[in-house]
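> Structure, please.
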Amino acid sequence: MKRAALTNYAPTQDVVSTINDWKSNPAYFLHSNGQPLVSTFEGPSNANDWHAIKDQTKSFFIPDWSSLGARKAVSRGDGVADGLFNWGAWPEGKQRTNWDLDASYLIFLNNTRTYMA
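Prediction:
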């Protein structure tokens, strides 16, 4: 018997439905322009799905694709992201953190997209 491969993402229409079901809730966070803010924890292999999701939800999309680094993440999915979320901005263990990683995001977002650390 052949098993279907498991994926770590929800089908596009499930994501659309979830966002649309919740975006009018008073507790849902909206971007300053009034759009529902949507983010991810990774999932860059599904970047192209976000064109349809954004179109159907009118959302402001700031994914965490920090595994790619800012340079690759900013252009993933033909630039579908409205900004980038850098989970890697947090220090790991006893390491001291610095601004180098943040700076790379600011450079590649070029003051034209939102940065969220």
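> Quick check: the gap between the nearest residue to R113 once chain neighbours are set aside and N111.
Distances taken as Cβ to Cβ, 6 or more residues apart in numbering place G83 nearest to R113, at 4.5 Å, with adjacent residues excluded. C-beta coordinates here come from the backbone N, C-alpha and C atoms, glycine included. Applying Cβ to Cβ, to the nearest Å, the value for G83 to N111 is 11 Å.
> Around the residue nearest to R113, how many other residues sit close by?
19 (other Cβ atoms under 10 Å).
> OK, contacts around it?
F60, F61, I62, L109, R113, T114, Y115, M116 (Cβ atoms under 8 Å, 6 or more residues apart in numbering).
> Tell me the one of those residues nearest Q13?
Nearest to Q13, judged by Cβ to Cβ, of the contacts of G83 is F61 at 16.6 Å.
> Backbone dihedrals for the closest one, both of them.
Note on F61: backbone dihedrals following degrees, to the nearest 10 are phi -110, psi 120.
> again, but for M116
phi -130, psi 120.
> I'd like the distance from the nearest residue to it once chain neighbours are set aside to S24, if you could.
Take M116 and drop its neighbours on the chain: the residue closest to it by Cβ to Cβ, 6+ apart is F85, 4.4 Å away. As judged by Cβ to Cβ, F85 and S24 stand 23 Å apart.
> Give me the more crowded residue out of the two.
F85 (22 against 9).
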